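K.L.:
give me a 3D structure for the following:
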Amino acid sequence: MADEQKQMITINEKEYAVEDLTEQQRSMLSQIGNLDGKMGNLNMEMAQLQAARQFFVNSLSGSVEAPEDNNVADELPEE
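P.N.:
Next up, the predicted model:
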């Protein structure tokens, strides 16, 4: 039978076997992993929002700087 490797974690530069942690400590470890995943998702969403915002900033900037259509009615003097 092959020796099973213990799952290890490093906390403050010291290694611990996960199986040696208390139930409460394993629960906290699970919470940390869950929060890390959520933070990763939020970082991805933030990058998407920033890219979408930049698209609209560029679109607005381009639309106000673009030459207007040469509409004859716009060129008539006001009376």
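
K.L.:
what's the separation between the residue lying closest to residue 17 once chain neighbours are set aside and residue 27?
P.N.:
Take residue 17 and drop its neighbours on the chain: the residue closest to it by Cβ to Cβ, 6 or more residues apart in numbering is residue 6, 4.3 Å away. Quick note: C-beta positions are derived from backbone N, CA and C, even for glycine. Separation of residue 6 from residue 27 (Cβ to Cβ, to the nearest Å) stands at 19 Å.

K.L.:
before we move on, back to that, what residues does the residue nearest to residue 17 make contact with?
P.N.:
17-19 (Cβ atoms under 8 Å, 6 or more residues apart in numbering).

K.L.:
what is the nearest of the residues you listed to residue 54?
P.N.:
residue 18 (42.4 Å; Cβ to Cβ).

K.L.:
pLDDT score for the closest one?
P.N.:
pLDDT recorded at residue 18 is 96.

K.L.:
so it touches residue 5, yeah?
P.N.:
No - taking Cβ atoms under 8 Å as the definition, residue 18 is not a contact partner of residue 5, at 11.1 Å.

K.L.:
and the two? Which one has more around it.
P.N.:
When neighbours are counted by other Cβ atoms under 10 Å, residue 18 and residue 5 differ, and residue 18 comes out ahead with 12 against 7.

K.L.:
could you find the closest non-adjacent residue to the more buried one?
P.N.:
residue 7 (4.4 Å).
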